[in-house]
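> Would you be able to build a 3D model of this:
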Amino acid sequence: MRIDSILKEVKERLAIKEDFWKAEKGTRSQVFLSENFVIKINRNLSISKNESEVLKTLALDIAPRFVAFYTIQNCGVLVEQKIKGQSIDDVWKDIKIPSRKRIVADIAGAVYKINQQKKDYFWSAQFDMKFKNYKDLLFHKFKLNQKQIFDNQLAYKLFLKASSNIEEKKVEKIFSQSFPVLLHGDLIMHNLLTDLNRLTGILDWEYAQYGDSFYDLARVIYYQECAKAYVDEERDKNFEYDFTTRLIEQLKQSVDFNLEKYIVIRSLFFIDSIIWALGSANPAKNLATLQPPQF
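Here you go, the predicted structure:
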């Protein structure tokens, strides 16, 4: 993949005269910015295409406006209109308390609006499949990687420490009343933009799904757990614990906390960590650092 040739082709197709520079932060995509545009290049063509389809459906001022999608050199290339604002993780520590309250209220309000988009099936941009129930969507990544987990002694021991929380029949019952609504899937600080007073953008929709409305809240609670560890280690330089705590309080005003659902979703996040470690450059070292969640 030659990035320079991809950027050149996109600029020619759209008659863009602006220069692009590589974003310091990004998802699994390579992200390039200009004054008015964002180009995201992803080797996973399916995920990139799915993200573009989600953006087409969004009618929110704070969501990126879809410009174009191309397949170039077997990569998905998504072009968006650039949203003005600064990444919240860069500026949160300098934002005054009243503005922090407004920003998290804006995020919660946006999540409520996003959840108004509904489907009659469960779906994830990560898999591009329709699922008949939410349990099947939640378990799909684990099922794809189950043999790899079971074949590694340390990974299997770690899995057993969380396995009682994800017994399939029990999970299906817990989510039996779930109805698929649109979720962002990754409300982490660097996916959110602000003008220091209000929310201006929600970026990176590649983890979007039509799933249970509790999922986004569960994800933020998980991020709060990680941020608490940063506080304990005296390295919470972005004030993530303050941000996640405030956002959780706001989200709970429209989404009920459900401990049974959280235990399932949090346990599956732990399984995801095992899968990540197995695919890393040093599986044994990374597996040894994992600690199962405590409830």
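
> pretty sure residue 72 contacts residue 6?
Yes: counting by Cβ atoms under 8 Å, residue 72 touches residue 6, with 5.1 Å between them. Backbone N, C-alpha and C define where each C-beta goes, glycine included.

> When the two are compared, which one has more neighbours?
Using other Cβ atoms under 10 Å, the more surrounded residue of residue 72 and residue 6 is residue 6, with 19 against 16.

> Pull up the gap between the more buried one and residue 133, please.
Applying Cβ to Cβ, to the nearest Å, the value for residue 6 to residue 133 is 39 Å.

> With residue 149 instead?
Here the criterion is Cβ to Cβ. By it, residue 149 lies 23 Å from residue 133.

> With residue 51 instead?
For residue 51 relative to residue 133 (Cβ to Cβ), the value is 24 Å.

> who's more crowded, the two?
Neighbours per residue (other Cβ under 10 Å) separate residue 51 from residue 133, with residue 51 holding more: 28 against 15.

> ok, and what's touching stretch 149-156?
With Cβ atoms under 8 Å, 6 or more residues apart in numbering as the test, stretch 149-156 has contacts from 142, 148, 159, 271, 274-275, 277-278, 283-284, 287-288.

> Need the CA coordinates for it. PDB is fine.
Extracted C-alpha coordinates of stretch 149-156, given in PDB (Å, rounded to 0.1, in the frame of the first residue of the first chain):
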ATOM      1  CA  ILE A 149      -7.700 -19.300  23.200                       C
ATOM      2  CA  PHE A 150      -8.200 -23.000  24.100                       C
ATOM      3  CA  ASP A 151      -4.900 -24.100  22.500                       C
ATOM      4  CA  ASN A 152      -2.800 -21.700  24.700                       C
ATOM      5  CA  GLN A 153      -2.500 -22.900  28.300                       C
ATOM      6  CA  LEU A 154      -2.200 -19.500  29.900                       C
ATOM      7  CA  ALA A 155      -4.900 -18.000  27.700                       C
ATOM      8  CA  TYR A 156      -7.200 -20.900  28.600                       C
END
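
> Quick one: distance of it to the chain centre.
Distance of stretch 149-156 from its chain centroid, counting by Cα atoms, centre = their mean, to the nearest Å, is 26 Å.

> What of stretch 101-109?
On Cα atoms, centre = their mean, the centre of stretch 101-109 falls 18 Å from that of its chain.
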